[in-house]
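S.K.: Have a look at this fold, sequence not included:
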């Protein structure tokens, strides 16, 4: 570690220079950010004022359009009154005319008086909605004084002081039996329209006719507040005009100062944050450089360890092979028959030497895999005879423990392109573990085709609901999409807890290992780690499902080339079942 620190401190001056350059660049960056934000604050200030004035203009324009539409709708209503009430059948009866007039105007908001007459001096038919005013006397002068045909729109003051809108439409003599019709409304209808669109910044909105104020909404505001005022002209159907005045409050000086204060504070905090981040980045880069140096040392040490294991394992193989060979010669009587007292020790030597050679082979294999020097030689094999030959090598172990052993591998399965040596090693490891951890019960090896393509007219796979459910579960556990052979080793042994299902595939990891003195039973904990790595080298995977006391199922997933499938192996199944053949 002292050497590492020394090497690390050796280039400290260069690192300090880089740090100073980084901080200088950061300072320039912070200055640029400050100028940009300052310009942004100025633009924001101007934009707020401009937005306030634009909103005032829009409010006045929208209000004038609404009022024009409102007055126009009332003129249209007058025409509708004349067309309906002025019909001879209705006009002949004053009661019918009154009822019809009431029906037409009863829903008009703000209506106080409606009337229709057939001559200048004849009051005709009228509807008085609000009796607070003597409406006929109000509209008689000045609206009744002019008999010129057309629409007259005027503003008169009611008895309660409110300004009323009077709309009268007269007709030329002989053009119709009706002389004139008219409406008198207060400002509630206009107020309701203006209230529908009320911007938050609006202070007041007023509608005036000359010096008379028709409608005024809003409240007075403090003189200290800056206001924006906009006026728009309302063009009436009779050619007259009203004026709409909208008043909005501008952004207050205190709010603008608050924006400036917050913006400046934000820039300062940003600068402090960037400086702190720069310091953190420098510290992180220092740690990263040290970690990289340590990683290189660890990598070299790991490589040396792998080479040492490979060399030692290789060197151990030669004397072990000699020991095993001479022991076999002794057992076969090549040097003469063994006495009864010699048979047991020689058998013990043979078993120990074989076990030791198996352990050395495992260590050598894991070293080769870690170094990436393990080669794969693919061949096309028929799975059924391959599994039978491999399982026969372990049949004696199964018989010694009195276990039931079954193999269910269909001859109709497609050929598999894989490395037979590595696949045999995987299968022997899994069956050996099953025998080792199954005190009593059964061990079975079975294979199924998963994910085969569907062809119209092909046969359907058989199997009940339970079989279909099992196949669906198995298909969902495939490493990825495609066609696979799931080669499973199933035992009824002690099982594995859910927390240990992934740990058992780590190197030198064992669950419920035997005592350290019993090395023949304990092993190295490399079998499953080697098996999984070999399976991945073959393009497949190994999975496990297990529960304590219920046994275990190890699945070897072998990829199948679609070109190796025959027509009989391409199946058609219902839409809710996976494609299988076994």
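M.R.: That came through, no problem. Not measured: the values here are computed from a predicted model.

S.K.: Residue 168 looks like it's in a strand, true?
M.R.: Yes: under DSSP: H, G, I helix; E, B strand; the rest coil, residue 168 sits within a strand.

S.K.: neighbours around it, how many?
M.R.: 21 (other CB atoms under 10 Å). Backbone N, C-alpha and C define where each C-beta goes, glycine included.

S.K.: separation between it and residue 90?
M.R.: 21 Å (CB to CB, to the nearest Å).

S.K.: do the same with residue 418
M.R.: On the measure of CB to CB, residue 418 and residue 90 end up 100 Å apart.

S.K.: Poorly predicted segments of the stretch 101-250 of the chain, please.
M.R.: Scanning the stretch 101-250 of the chain for pLDDT under 70 picks out the ranges 121-123, 130-147, 174-176, 219-226.

S.K.: Tell me where it has strands.
M.R.: Using DSSP state E, counting those that start in this stretch, the strands of the stretch 101-250 of the chain run over 111-117, 125-128, 150-157, 163-170, 180-185, 202-209, 212-218, 227-235, 241-249.

S.K.: still on that earlier bit, who has more neighbours out of residue 418 and residue 90?
M.R.: Shown here are residue 418 and residue 90; by other CB under 10 Å, residue 418 has more neighbours (26 against 17).

S.K.: hang on, that one packs against residue 377?
M.R.: No: Residue 418 is beyond contact range of residue 377, at 9.6 Å (criterion: CB atoms under 8 Å).

S.K.: want to throw the strands of the stretch 101-250 of the chain into a markdown table with distance to residue 272?
M.R.: Formatted as a markdown table, the strands of the stretch 101-250 of the chain follow (distance: least, CB to CB, whole Å):
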| stretch | distance to residue 272 |
| --- | --- |
| strand 111-117 | 67 |
| strand 125-128 | 75 |
| strand 150-157 | 65 |
| strand 163-170 | 62 |
| strand 180-185 | 65 |
| strand 202-209 | 42 |
| strand 212-218 | 46 |
| strand 227-235 | 39 |
| strand 241-249 | 36 |
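
S.K.: closest to residue 287 out of those?
M.R.: Smallest distance to residue 287 across the strands of the stretch 101-250 of the chain (CB to CB): 56.4 Å, for strand 241-249.

S.K.: Let me see the ranges of the helices in this structure.
M.R.: Per DSSP state H, the chain carries helices over the ranges 2-10, 12-85, 88-91, 94-105, 135-140, 188-196, 253-331, 340-371, 383-392, 395-400, 420-436, 465-476, 519-522, 527-537.

S.K.: what's the closest of the ones you listed to residue 451?
M.R.: The nearest among the helices of the chain, by CB to CB, is helix 465-476 at 6.7 Å.

S.K.: Tell me which helix or strand in the chain has the weakest average pLDDT.
M.R.: strand 580-581 (a mean of 36; mean pLDDT, DSSP states H and E).

S.K.: Least confident of the helices of the chain, on average?
M.R.: Among the helices of the chain, helix 2-10 carries the lowest mean pLDDT, a mean of 43.

S.K.: What is the burial count for residue 65?
M.R.: Neighbour count of residue 65, defined by other CB under 10 Å: 14.

S.K.: Next one: it from residue 198, what distance?
M.R.: Separation of residue 65 from residue 198 (CB to CB): 15 Å.

S.K.: how's the protein carved up into domains?
M.R.: 54-249, 283-374, 375-581 (automatic domain parsing).

S.K.: could you redo those domains as CSV and give each row distance to residue 258?
M.R.: Formatted as CSV, the domains of the chain follow (distance: least, CB to CB, whole Å):
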stretch, distance to residue 258
domain 54-249, 15
domain 283-374, 37
domain 375-581, 58
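
S.K.: Among the ones you listed, single out whichever gets nearest to residue 274.
M.R.: Closest approach to residue 274 among the domains of the chain is made by domain 283-374 (15.0 Å; CB to CB).

S.K.: First-to-last residue distance for the closest one?
M.R.: With CA to CA, to the nearest Å as the measure, domain 283-374 spans 41 Å from end to end.

S.K.: give me every residue that touches the spatially closest residue to residue 434 that is not a sequence neighbour.
M.R.: Closest residue to residue 434 apart from its sequence neighbours, by CB to CB, 6 or more residues apart in numbering: residue 491 at 3.9 Å. Shown in contact with residue 491 (CB atoms under 8 Å, 6 or more residues apart in numbering): 434, 437-438, 441-444, 551-552.

S.K.: per-residue pLDDT, residue 491?
M.R.: Per-residue pLDDT puts residue 491 at 93.

S.K.: got it, and the one 3 residues further on?
M.R.: You'll see residue 494 listed with a pLDDT of 90.

S.K.: Touching, it and residue 437? I think so.
M.R.: Yes: counting by CB under 8 Å, residue 494 does reach residue 437; the two are 5.3 Å apart.

S.K.: rewinding a little: can you lay out the contacts of residue 491 as a markdown table showing neighbour count?
M.R.: Below are these laid out as a markdown table (neighbours: other CB atoms under 10 Å):
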| residue | neighbour count |
| --- | --- |
| 434 | 28 |
| 437 | 16 |
| 438 | 21 |
| 441 | 14 |
| 442 | 16 |
| 443 | 24 |
| 444 | 16 |
| 551 | 21 |
| 552 | 24 |
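
S.K.: Which single one of these is nearest to residue 386?
M.R.: Nearest to residue 386 among the contacts of residue 491 is residue 444, at 16.6 Å by CB to CB.

S.K.: how near is the closest one to residue 431?
M.R.: 10 Å.

S.K.: Which neighbours do these two have in common?
M.R.: Common contact partners of residue 444 and residue 431 (CB under 8 Å, 6+ apart): residue 489.

S.K.: how about the domains of the chain, which one is nearest residue 260?
M.R.: In terms of CB to CB, the element of those nearest to residue 260 is domain 54-249, at 16.7 Å.

S.K.: I'd like the distance from that closest one to the chain centre, please.
M.R.: Between the centre of domain 54-249 and the centre of its chain there are 57 Å (CA atoms, centre = their mean, to the nearest Å).

S.K.: Next, the contact list for the residue lying closest to residue 492 once chain neighbours are set aside, please.
M.R.: Leaving aside its sequence neighbours, residue 492 sits nearest to residue 441 (CB to CB, 6+ apart; 3.4 Å). Taking CB under 8 Å, 6+ apart, we find residue 441 in contact with 403-404, 491-493, 551.

S.K.: Apply 7 Å and report the result again.
M.R.: By CB atoms under 7 Å, 6 or more residues apart in numbering, the residues touching residue 441 are 403, 492-493.

S.K.: Dump those residues to a markdown table, plus neighbour count.
M.R.: Supplementary listing: the contacts of residue 441 in a markdown table, determined by neighbours: other CB under 10 Å:
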| residue | neighbour count |
| --- | --- |
| 403 | 19 |
| 492 | 19 |
| 493 | 23 |
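
S.K.: Adding distance to residue 272, write those residues out as JSON lines.
M.R.: Output for the contacts of residue 441, formatted as JSON lines (distance: CB to CB, whole Å):
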{"residue": "403", "distance to residue 272": "73"}
{"residue": "492", "distance to residue 272": "67"}
{"residue": "493", "distance to residue 272": "64"}
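
S.K.: What is the distance between stretch 533-541 and the centre of its chain?
M.R.: 33 Å.

S.K.: Would you work out how far apart the start and end of that stretch are?
M.R.: Chord length of stretch 533-541, first to last residue, is 8 Å (CA to CA).
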